[in-house]
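>>> What follows is a predicted structure for the sequence shown.
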Amino acid sequence: MNNPDVAADDADLTLGVYHGWWIVAGLFFVLTISSGFGFYNLSVYLNVLADTRGFAVADVSIAVGLFFLVGGVTGMWVASLIRRIDVRWVMIGGAAIAGSALGLIGHVTELWQLYLVYALFGAGNSGVSIVVATTLVTRWFPGPNRSVALSIASTGLSMGGVLLTPLSAWSLNRWGMETAIPWFGFAFFMLIVPFAWWLIRSSPHANGGATAGGGHEDSWGYRDAIRSRFFMLLSAGYVLCMGAQVGSIAHLYNRAETLAGFEVAAFAIQALTVASILCRFLGGWIVIRVKIRVFTLVNLLVQALGLAIIALAENVTMILIGAAVFGGSIGNLLMLHPLWLAEAFGIRDYSRIFSLSNAVMVLGVAVGPVLLGVLHDEFDYSVAYGVSMGVSLVALLVIYSAGKNPATNTDL
């Protein structure tokens, strides 16, 4: 059986370009669509659902949390599937489920309907999101270019916020949920499928569906990796880190809209995503020269600073500065998690190791929007974002306690 985790030099070339870079291009576009209509648009949907359906912010926040929770759990199944079958079929199936569920959001009238479609949306989105993307980049780039490739591919996550969130907010404001959101679902499917089919391949030596191989002396086995102190503390730290991050993103549009109107709110999302893009590109270069651990801790400090500014914001300038500072940490923290796990444990069982850590992390991602929603309803957004800043600082301490990379166990 061919091993998908082979060296880059052994792969075929397409038009004189290593095909791994075509994979990166395809993933960039897929992540732009999935995050634009999913991750970043969740704050827009939250605002519209609360205004037009009369749902409490906390109730819609539970649906957002369900989106992430179901997506994280489903991601473990996706990691298993892409070891056995052509990853393109997984992505097409995910796009079909997610697009259908997204289209139905515009017609929900009851909370149970909202929770159901958000759960389906999260399940489908896991097939066209971070687990698939990081696994493919890890397979196709075993060398030092991995961080650059991952920074480019994952920049699609931020680009979705730049391109699609303002357009979505404008469309919803002009045509309403019942008309606009079904078109969002249609676009989700129709835009992802051709790029996934034409550009994505399972591995450098894919033969009808790659199966992750072994034989890497510098790689950890799955069971030993997940039992290590490093894995446990890093995953726990990311539960806190991403809970604060995603909860704050999910409520940023509503926070800014309450302060200064929907146009400023859309611009705040753009400021956040532009900063994320620029800093992620820079981060892909920095992490080749700076230890991942140090760079991760610095980005957690930046996240805490941005959240503090948002918490204290009293005018348009402060909310936009806070969004930009916060955005400077988002892309890098999301990129550093899979990159650090690949560096620490190798590529042999990477998809399973990362998918488990990602599923654990999603517990925080699911709770974050709910926590901020409850704090908003009970107090206000200043308190909510202040708590989020504190959670980010606790995450920094936990990840610092994880220590350096674990020593490689060559007997695995």
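Yes, it's here.

>>> biggest helix in this protein, by residue count?
For the chain, the longest helix by residue count, based on DSSP state H, is helix 229-260.

>>> Output the contacting helices and strands for that helix.
helix 42-52, helix 57-81, helix 262-289, helix 292-312, helix 316-345, helix 350-378, helix 381-402 (3 or more CB pairs under 8 Å, 6 or more residues apart in numbering; DSSP states H and E). (Each C-beta comes from the backbone N, C-alpha and C, glycine too.)

>>> Name the nearest residue to the residue nearest the centre of the chain, ignoring sequence neighbours.
With distances taken as CA atoms, centre = their mean, the residue of the chain nearest its centroid is residue 130 (5.7 Å). Nearest residue to residue 130, sequence neighbours excluded (CB to CB, 6 or more residues apart in numbering): residue 358, at 6.7 Å.

>>> ok, now residue 258?
Nearest in space to residue 258, with sequence neighbours left out and distances taken as CB to CB, 6+ apart, is residue 381 at 7.1 Å.

>>> The one you found reaches residue 255, doesn't it?
Yes - counting by CB atoms under 8 Å, residue 381 touches residue 255, with 4.7 Å between them.

>>> Looking at the two, which one has more neighbours?
Ranked by neighbour count (other CB atoms under 10 Å), residue 381 and residue 255 place residue 255 first, with 27 against 22.

>>> give me every residue that touches that one.
Applying CB atoms under 8 Å, 6 or more residues apart in numbering, we find residue 255 in contact with 265, 310, 313, 319, 381, 385.

>>> Name the member of those residues that has the highest neighbour count.
Neighbour max across these (other CB under 10 Å) = residue 310, 31 neighbours.

>>> does residue 154 count as helix, strand or coil?
Of the three states, residue 154 takes helix under DSSP: H, G, I helix; E, B strand; the rest coil.

>>> What is the neighbour count of residue 163?
16.

>>> secondary structure element for it?
helix 146-175 (DSSP states H and E).

>>> So which elements touch that helix?
helix 19-34, helix 42-52, helix 130-140, helix 177-199, helix 262-289, helix 316-345.

>>> and the longest one, average pLDDT?
Along helix 316-345, the predicted confidence averages to a pLDDT of 90.

>>> circling back to that earlier point, can I get the helices and strands packed on helix 229-260 in TSV with distance to residue 117?
Formatted as TSV, those follow (distance: least, CB to CB, whole Å):
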stretch	distance to residue 117
helix 42-52	11
helix 57-81	8
helix 262-289	22
helix 292-312	29
helix 316-345	25
helix 350-378	16
helix 381-402	26
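
>>> Nearest to residue 144, out of those?
Minimum separation from residue 144 across these (CB to CB) falls at helix 262-289, 6.1 Å.

>>> ok now the closest one, how far from the chain's centre?
14 Å (CA atoms, centre = their mean, to the nearest Å).

>>> List the buried residues in stretch 75-87.
For stretch 75-87, the neighbour count (16 or more other CB atoms under 10 Å) marks 75-79, 81-83, 86-87 as buried.

>>> need the contact list for the residue nearest to residue 258.
251, 254-255, 258, 311, 372.

>>> what's the closest of those residues to residue 397?
Using CB to CB, residue 311 comes nearest to residue 397 of the contacts of residue 381, at 19.9 Å.

>>> per-residue confidence for the closest residue to the closest one other than its chain neighbours?
Closest residue in space to residue 311, ignoring its immediate chain neighbours: residue 385 at 3.5 Å, by CB to CB, 6+ apart. Per-residue confidence (pLDDT) for residue 385: 94.

>>> How about the one 10 residues further on?
Residue 395 carries a pLDDT value of 96.

>>> How many residues are close by it?
Neighbours of residue 395 (other CB under 10 Å): 27.

>>> Can you verify my assumption that it contacts residue 240?
Yes - counting by CB under 8 Å, residue 395 does reach residue 240; the two are 3.6 Å apart.

>>> The closest residue to residue 57 other than its chain neighbours: neighbour count?
Spatially, and ignoring its direct neighbours in sequence, residue 57 is nearest to residue 373 (4.8 Å; CB to CB, 6+ apart). By the criterion of other CB under 10 Å, residue 373 has 26 neighbours.

>>> Please apply the same query to residue 184.
For residue 184, the neighbour count with other CB under 10 Å is 24.

>>> again with the one 3 residues further on
The number of residues packed near residue 187 is 17, by other CB under 10 Å.

>>> Tell me, what's the model's pLDDT at it?
pLDDT, residue 187: 95.

>>> Okay, it and residue 181: tell me how far apart.
From residue 187 over to residue 181 the distance is 10 Å, taken as CB to CB, to the nearest Å.

>>> Contact partners for residue 147?
Residue 147 makes contact with 284, 287-288, 335, 339, according to CB under 8 Å, 6+ apart.

>>> Let me know the closest of the residues you listed to residue 59.
Among the contacts of residue 147, residue 335 lies closest to residue 59 (CB to CB), at 32.4 Å.

>>> would you put the C-alpha positions of the helix or strand where residue 116 lies in CSV?
For residue 116, the host element (DSSP H and E) is helix 111-125. Extracted in CSV, the C-alpha atoms of helix 111-125 (Å, rounded to 0.1, in the frame of the first residue of the first chain):
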residue,chain,number,x,y,z
LEU,A,111,-36.0,26.9,18.6
TRP,A,112,-35.9,23.1,18.0
GLN,A,113,-35.8,23.7,14.3
LEU,A,114,-32.9,26.2,14.7
TYR,A,115,-31.0,23.7,16.8
LEU,A,116,-31.6,20.9,14.3
VAL,A,117,-30.4,22.8,11.2
TYR,A,118,-27.4,24.2,13.1
ALA,A,119,-26.4,20.7,14.2
LEU,A,120,-26.7,19.5,10.5
PHE,A,121,-24.8,22.6,9.4
GLY,A,122,-21.9,21.8,11.8
ALA,A,123,-21.8,18.1,10.8
GLY,A,124,-21.6,18.9,7.1
ASN,A,125,-19.1,21.8,7.5
